[in-house]
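> Structure of the sequence below:
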Amino acid sequence: MKINEHTKGAQRGERGVGKNQDETPERGEWLLEAPRQRDGERSIPQTRSHRPNLLRRRAWQILEAPTAEQPAVDVEEAMGPQPPDDTTVNFVLDLVLRIGEVQMSSGAGASDVTATIIALTSALGLPHCEVDVIFTSITVTCHRGTDMAPVTALRVVRSRSLDYTRLTQTETLVRRIVRGNIGAEEAQQELQRITTAPHPYPRWVATAAWGGLAAFITLILGGSIDVALVALVISAVIDRLGRLLNRFALPFFFQQVIGGLVATLSAMAIVSSNLLTTDKPTLVVAAAVTVLLSGLSTVSAVQDAITGYYVTAAGRTMETALMSAGLIAGVVLALKIALLLEMPLTPLPEVVSSTPQDLPIIVIGSVGASACFALASYSTLRAMIVAGAAGAIGGAVYGALMLTDFQAVSSSAVAATLVGFCGGVLARRLKVTPLVVAVSGITPLLPGLSTYRGLYQLGVEPGGNISTLMTAVAIGLALAAGVVLGEYLAQPVRTGLGRLERKFAGPRMAGPLEPAERRLE
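Next up, the predicted model:
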């Protein structure tokens with residue numbers, strides 16, 4: 001309620017006449033009148049008993065002071081942390097998008113890329129960020145409250161070459177950023193060095209590694225040394241032919257067609273020339289088919305589907321299906337050409353039951369195949385050793401289960417689960433990306449022989465049965481799902497080596513282990 005100052009003063013003067021100065025003022029004077037100091041009385045330091053006088057003085061100063069002298073609140077003064085400006089946000093978003101591009105092009109799952117970007121933006125000081133990852137692009141939006149407009153950046157993922165050394169170095173850079181050991185500008189320079197660096201090995205080393213992969217697969221399937229050498233040469237030729245076709249920007253679908261065609265026709269030509277003394281010449285084709293299947297992103301597709309990124313999973317599944325269709329077309333085309341030319345057809349490969357004496361060969365072949373795949377994908381030496389160990393675990397478990405009444409699909413699922421579990425536990429401790437270990441460890445278990453058997457039945461035999469080909473598809477899905485499950489189960493065990501983790505965070509193949517807390521400042 002407003003009180004007229006003149007009326008208030010008159011009333012105060014009238015009340016003051018005849019009043020002793022020692023009398024206590026009335027109740028209304030506590031807020032409307034400044035405290036008076038007695039004449040000749042010294043100023044007494046403020047103590048707890050004089051605090052009401054201090055309150056009255058402050059209230060009187062607010063009510064009695066002129067309007068121009070009233071304390072005003074600075075509306076432009078920032079309350080809390082300052083939101084970042086456009087330059088800072090654009091710089092950080094460009095850095096995290098480039099890191100996400102490296103992960104996506106190397107086969108990392110959409111959930112891994114999303115968690116990595118959120119952790120990086122939080123570590124670099126950005127407010128709440130939303131990430132949208134699909135098969136061919138990454139979009140990040142930074143929200144800066146209601147006073148500033150959000151900033152959105154997008155990056156298209158074009159390259160899909162396998163270079164696990166680049167992925168490993170990027171993972172190391174991510175850990176340094178999250179821990180605060182490196183700033184944004186230094187991280188940008190380091191990432192530029194990683195992405196522009198050449199492959200750690202010459203191209204011919206990768207070609208020899210692809211050939212070695214085919215040779216070890218042949219030994220796992222029960223082939224002899226001469227068949228393994230022929231498979232090595234044919235797979236190396238297919239790899240060099242694919243690199244040549246890359247210069248003409250030929251789509252990968254047609255490269256798969258040509259690879260299946262060359263592998264099948266080469267095996268038939270070798271059979272007709274009687275160069276091999278073995279009765280299993282079709283193992284050459286099965287080994288070449290396994291090599292062509294090893295580069296597909298089946299694990300990432302299954303991981304994206306399990307973690308809820310269905311758009312990315314659909315895109316990767318379509319890519320896998322299209323590349324497999326190209327391989328099928330090449331093999332069937334070669335079989336049809338052989339029928340037209342009346343060439344001696346290779347017999348239908350039979351699945352030979354394993355014996356306990358074959359188990360050491362299977363384990364050795366699995367170690368060699370996993371290490372060769374890691375080498376062909378330009379992995380580091382440490383990653384090759386860990387991948388070989390994962391391959392040994394998978395081969396031993398698969399071979400042991402096949403000696404019992406387990407079917408191929410069940411044995412593949414159990415072996416892949418153990419590969420993902422052991423690889424997930426050891427990879428982080430040895431500073432190796434789990435994705436490298438998982439993909440390399442299940443490579444010896446890929447259904448190359450079952451795929452060729454199914455294609456042979458469809459292309460040569462009248463009224464061919466599709467059940468064998470569907471079994472191969474089931475084995476591939478079991479391998480991918482088993483690896484993801486093993487990585488999921490390894491998380492509490494892995495973090496328990498350092499500290500006890502109380503909850504699961506989802507299957508993680510790349511990126512920081514612990515997701516960063518999201519905040520809105």
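> Was I right to think residue 177 contacts residue 121?
No: at 10.1 Å, residue 177 and residue 121 do not qualify as touching, with contact defined as CB atoms under 8 Å. (Glycine included, C-beta is placed from N, CA and C.)
> Which of the helices or strands spans residue 469?
Under the criterion DSSP states H and E, the helix or strand holding residue 469 is helix 467-496.
> Likewise for residue 169?
Here residue 169 is assigned to helix 164-178, by DSSP H and E.
> How about residue 132?
Residue 132 belongs to strand 129-133 when assigned by DSSP H and E.
> quick revisit: what's the angle between the next helix or strand after the helix holding residue 169 and helix 164-178?
Per DSSP H and E, the first helix or strand lying C-terminal to helix 164-178 is helix 184-196. Relative orientation of helix 184-196 and helix 164-178, computed by axes from the mean of the first three to the mean of the last three CA atoms, to 10 degrees: 170 degrees.
> what does helix 184-196 contact?
Contact with helix 184-196 is made by 91-92, 94-95, 98-99, 102, 124, 166, 169-170, 173, 176-177, 182, as judged by CB atoms under 8 Å, 6 or more residues apart in numbering.
> out of the residues you listed, which are buried?
Buried members of the contacts of helix 184-196, counted by 16 or more other CB atoms under 10 Å: 92, 94-95, 98-99, 102, 124, 166, 169-170, 173, 176-177, 182.
> Which of the residues you listed sits closest to residue 321?
For the buried ones among the contacts of helix 184-196, the closest approach to residue 321 (CB to CB) belongs to residue 102, at 25.5 Å.
> show me the contacts for that closest one.
Neighbouring residues of residue 102 by CB under 8 Å, 6+ apart: 166-167, 170, 191, 194-195.
> low-confidence ranges in the stretch 1-150 of the chain?
1-83 (pLDDT under 70).
> model confidence over the helix holding residue 169, on average?
Helix 164-178 shows an average pLDDT of 90 in the prediction.
> counting contacts, what elements does it pack onto?
Under the contact definition 3 or more CB pairs under 8 Å, 6 or more residues apart in numbering; DSSP states H and E, helix 164-178 sits against helix 86-105, helix 110-123, helix 184-196, helix 434-442.
> Highest mean neighbour count out of those helices?
Highest mean neighbour count among the helices and strands packed on helix 164-178 (mean count of other CB atoms under 10 Å): helix 434-442, with a mean of 31.
> Can you point out the buried residues in stretch 252-261?
Neighbour counts over stretch 252-261 (16+ other CB under 10 Å) mark 252, 255-261 as buried.
> what number of residues lie near residue 158?
Residues near residue 158, counting by other CB atoms under 10 Å, number 9.
> Quick check: it is in a helix.
No: according to DSSP: H, G, I helix; E, B strand; the rest coil, residue 158 belongs to no helix; its state is coil.
> Contacts only, for it.
Contacts for residue 158 (CB under 8 Å, 6+ apart) come out as 105, 136.
> Which parts of this structure are strands?
Along the chain, the segments classed as strands by DSSP state E run 129-133, 137-142, 151-156.
> among these, which is nearest residue 437?
Closest to residue 437 of those is strand 129-133 (CB to CB; 22.7 Å).
> between that closest one and helix 110-123, how big is the angle?
160 degrees.
> Grab the CA positions of stretch 442-450 and hand them over as PDB.
Extracted C-alpha coordinates of stretch 442-450, given in PDB (Å, rounded to 0.1, in the frame of the first residue of the first chain):
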ATOM      1  CA  ILE A 442      34.300 -65.100 -36.500                       C
ATOM      2  CA  THR A 443      35.900 -65.000 -40.000                       C
ATOM      3  CA  PRO A 444      37.000 -68.600 -39.900                       C
ATOM      4  CA  LEU A 445      33.400 -69.600 -39.000                       C
ATOM      5  CA  LEU A 446      31.800 -67.900 -42.000                       C
ATOM      6  CA  PRO A 447      29.600 -70.400 -44.000                       C
ATOM      7  CA  GLY A 448      31.600 -70.400 -47.200                       C
ATOM      8  CA  LEU A 449      31.100 -74.100 -47.900                       C
ATOM      9  CA  SER A 450      27.400 -74.100 -47.100                       C
END
